[in-house]
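Colleague: After the sequence you'll find the predicted model.
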Amino acid sequence: MTPPTTILQPQTFKSRVRVRVRRSQSLYRLCSKASAIMTTRYRVEYALKTHRRDQFIEWVKGLLAVPFVLYSQPTGVFGDGPSVTQMAEEAHRRYAEIMHDVELMIDDHIARQCDANNFPSKLTMLVPTAGPFFTRLPLEAAFKYQDRKRYISSRRFVAPSFNDVRQILNSAQTMAVTNGVLQLATFDGDVTLYDDGESLLPTSPVIARLLDLLQKNIKIGIVTAAGYTTADRYYERLHGLLDAIADSPDLDAIQKQNIVIMGGESNYLFEFCASSPHRLAPVPRNNWLTPEMASWSEKDIENLLDVAESALRDCIKSMNLPALIVRKDRAVGIIPKTPDVRIARESLEETVLVAQRILELSHLGSSHDRPASRSPPSVPSRCVPFCAFNGGRDVFVDIGDKSWGVTVCQQWFGSKSGNGAIRGENTLHVGDQFLSAGSNDFKARSVGTTAWIASPAETVDLLDELADLMQKKLS
């Protein structure tokens, strides 16, 4: 028997359509929310991986989390009542005590790293990646300084963060180098002196701070991953600073010579030359190579770059990356096929880790940290140091790394003064890439003190803090 045909009235039909549309919209919102949760969870889990974190900062952050949990009052009542003030005072006291205790542990670590017995310090056992330290760090004083700026102790809902600890360490390091004698300041380029992919323009506020360093007879080295072989390309990126130095009436001829550009991590050295159309003159490699660097054979370098190029080609193929291979005399890398293409961050980091691992297994190269010593080994090693790093839009494998670039600056200025190489405790390297994988500033920790910044604006703040401390020391 044929069922009777149901004839829907127009109003009934419209109502059912609206119900179905609402259900579809609800399902879409539910899926979007689930997708957002999954994406957020993935980002959090990815960011927590070992190669993306600094173990020492994470350890200090964990110590500070305890008094935050015990003393914070995350109530719904807003205002600055007596209880909130007392909470802030108690939290400040406990945070300062923890920083003082860590400060003492670093003092013990410094004493033991100079000990021939090589017994591990307590800090080494707790944080195996910590050190070396070239100066003691006044962490308690640095915390009190940053607490006045960031009101860390007054927060009730947000615990002391990674950035809080990073800024405290930066302040402690600037206090330490001004307690001694700062002779050399080295800087990364992108994200440190200027925005990523941009240039150092005449209007940049960092220029006046760098000129102030030169006036104080502090040498400057710009140690950049940009591997240009000619002066004109560096002038394009740094013309604001170079022209300001050339035109400055406050700098004498000797002070104007107190700046060098080290390109390709540690492969091309340029010194200031006011008469040159590009304000720079290349320095022949034989004039600045350290004895260890001179022991690296061209054949070993060529073989290492061949293996690196093969690894990069495999990554392009396996992940279908929209990238091209770029081969230079001291580097090889991948860049996007067109300027408007962006390669996913995860793909870039995978490429870094693959290239690094393959090169280490090949026994041709070494990416491990150098010991805190510049004395050449009695028998030259066949392993050529290299740095595989993520530049944000590209990946490059360079011969050497920034520890060698900073060392060249130390020896270059030291030899000109006749006093020997500038020591690590008299050197401050400022950069933005200090994570352990794919980050080229990380290596500079083995040859001098460091400051970890996240933007050119932070570099300006750091240099202002440094200038203020120097002025107080003079007065």
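Modeller: Good, I have the coordinates.
Colleague: Which stretches in the stretch 301-450 of the chain count as strands?
Modeller: Counting by DSSP state E, counting those that start in this stretch, the stretch 301-450 of the chain has strands at residues 323-327, 331-336, 365-366, 384-390, 395-399, 427-431, 449-452.
Colleague: Which one of the ones you listed lies nearest to V66?
Modeller: Minimum separation from V66 across these (Cβ to Cβ) falls at strand 449-452, 24.0 Å. For every residue, glycine as well, the C-beta is placed using N, CA and C.
Colleague: Determine the set of other helices and strands touching the closest one.
Modeller: Applying 3 or more Cβ pairs under 8 Å, 6 or more residues apart in numbering; DSSP states H and E, one finds that strand 449-452 contacts helix 162-179, strand 427-431.
Colleague: list the buried ones in it?
Modeller: In terms of neighbour count (16 or more other Cβ atoms under 10 Å), strand 449-452 has its buried residues at T449, T450, A451, W452.
Colleague: what does stretch 169-181 give?
Modeller: Buried residues in stretch 169-181, defined by neighbour count with 16+ other Cβ under 10 Å: L169, N170, S171, A172, Q173, T174, M175, A176, V177, T178.
Colleague: For E271, state which of these is nearest.
Modeller: Nearest member of these to E271, counting by Cβ to Cβ, is V177, at 24.1 Å.
Colleague: returning to what we had before: now the two most distant members of the buried residues of strand 449-452.
Modeller: T449 and W452 (11.2 Å).
Colleague: burial count for Q410?
Modeller: Residues near Q410, counting by other Cβ atoms under 10 Å, number 26.
Colleague: Can you list phi and psi of the residue nearest to T230 when sequence neighbours are not counted for me?
Modeller: In space, and not counting its chain neighbours, T230 is closest to P282: 7.7 Å by Cβ to Cβ, 6 or more residues apart in numbering. With angles defined as degrees, to the nearest 10, P282 sits at phi -70, psi 140.
Colleague: For P282, give its distance to S417.
Modeller: According to Cβ to Cβ, to the nearest Å, P282 and S417 sit 22 Å apart.
Colleague: Look at the two and report which has more neighbours.
Modeller: P282 (17 against 11).
Colleague: For E103, see how far away the closest residue in space to V408 that isn't next to it in sequence is.
Modeller: Using Cβ to Cβ, 6+ apart and skipping residues adjacent in sequence, the residue nearest V408 is W288, 5.6 Å away. Per Cβ to Cβ, W288 is found 37 Å from E103.
Colleague: ok, back up a step: please name the bridge partners of the residue nearest to T230.
Modeller: In this entry, P282 is beta-bridged to F270, by DSSP bridges.
Colleague: contacting residues for it?
Modeller: T230, A231, Y268, L269, F270 (Cβ atoms under 8 Å, 6 or more residues apart in numbering).
Colleague: Need the max-distance pair from the residues you listed.
Modeller: T230 and L269 (13.0 Å).
Colleague: And the contacts of P282, which is closest to T124?
Modeller: Set against T124, the nearest of these by Cβ to Cβ is L269 (35.2 Å).
Colleague: thought that closest one was touching V260?
Modeller: Yes - with contact defined as Cβ atoms under 8 Å, L269 reaches V260; the gap is 6.1 Å.
Colleague: Now the common contact residues for the two.
Modeller: With Cβ under 8 Å, 6+ apart, L269 and V260 have common neighbours V283, W412.
Colleague: In contact with the residue nearest to E103 when sequence neighbours are not counted, which residues?
Modeller: Leaving aside its sequence neighbours, E103 sits nearest to L139 (Cβ to Cβ, 6+ apart; 4.4 Å). Shown in contact with L139 (Cβ under 8 Å, 6+ apart): M99, H100, V102, E103, I106, I168, L169, A172.
Colleague: repeat that for 7 Å
Modeller: Shown in contact with L139 (Cβ atoms under 7 Å, 6 or more residues apart in numbering): M99, V102, E103, I168, A172.
Colleague: For these, give me JSON lines that also has distance to F133.
Modeller: Listed next are the contacts of L139 as JSON lines, based on distance: Cβ to Cβ, whole Å:
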{"residue": "M99", "distance to F133": "15"}
{"residue": "V102", "distance to F133": "12"}
{"residue": "E103", "distance to F133": "11"}
{"residue": "I168", "distance to F133": "15"}
{"residue": "A172", "distance to F133": "11"}
